[in-house]
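Undergrad: Next input, structure requested:
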Amino acid sequence: MTDALHIDVPHTDGTLAVIALSGEFDITTAPAVRTRALELITNGHPHLVADLASVTFCDSSGLGALVGIWRCAKDADGSLTLAAIPGRLSRLLSITGMDTFLPTFPSADAALAARQSNRTTA
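TA: Prediction:
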């Protein structure tokens, strides 16, 4: 039995938004995640924090969606930050080298604090 993916946006503040995923992030669900993230970017939130704490599975399609979201955010002068990455996804990011492009934090709160601090010093 698979865990249906849920996409929530528990926080928006100016140009920053948190997109929280729970369930399986795979070939079936990756397009919905990408679409929702691109909506946030288009609606004035180019700095995204992806809270992955409740992701139970992520395959290469999920990774591809994160790369696509990162590129779109970058094109909009924004960023993608990952929070609470599950172990297997962390390994996948490391193997592909994406961990060098995507900043990570142990929690969404830590990522938000870092982004907000960066905004005030930039």
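
Undergrad: Can you report phi and psi for the most centrally placed residue in the chain?
TA: The centre of the chain sits closest to residue 50, judged by CA atoms, centre = their mean, with a distance of 2.6 Å. Main-chain torsions, residue 50, degrees, to the nearest 10: phi -100, psi 110.

Undergrad: quick one: the helices in this structure?
TA: Using DSSP state H, the helices of the chain run over 30-42, 60-75, 87-96, 108-121.

Undergrad: The residue nearest to the centre of the chain contacts residue 81, doesn't it?
TA: Yes - using CB atoms under 8 Å, residue 50 is in contact with residue 81, at 7.2 Å. C-beta: built from backbone N, CA, C; applies to glycine.

Undergrad: What count of nearby residues applies to the nearest residue to residue 17 once chain neighbours are set aside?
TA: In space, and not counting its chain neighbours, residue 17 is closest to residue 45: 3.7 Å by CB to CB, 6 or more residues apart in numbering. A count of nearby residues for residue 45, using other CB atoms under 10 Å, gives 23.

Undergrad: ok, residue 45 to residue 74 distance?
TA: Using CB to CB, to the nearest Å, residue 45 is found at 14 Å from residue 74.

Undergrad: Also residue 81?
TA: 12 Å.

Undergrad: Tell me which of these two has more neighbours.
TA: Per other CB under 10 Å, whichever of residue 81 and residue 74 has more neighbours is residue 81, with 24 against 13.

Undergrad: got the contact list for that one?
TA: Residue 81 makes contacts with 47-50, 102-105, 111, 114-115, as judged by CB atoms under 8 Å, 6 or more residues apart in numbering.

Undergrad: Adding pLDDT, write these out as TSV.
TA: Output for the contacts of residue 81, formatted as TSV (pLDDT from 0 to 100):
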residue	pLDDT
47	96
48	97
49	97
50	97
102	92
103	93
104	93
105	95
111	94
114	89
115	81
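
Undergrad: and the end-to-end length of stretch 95-105?
TA: 18 Å (CA to CA, to the nearest Å).
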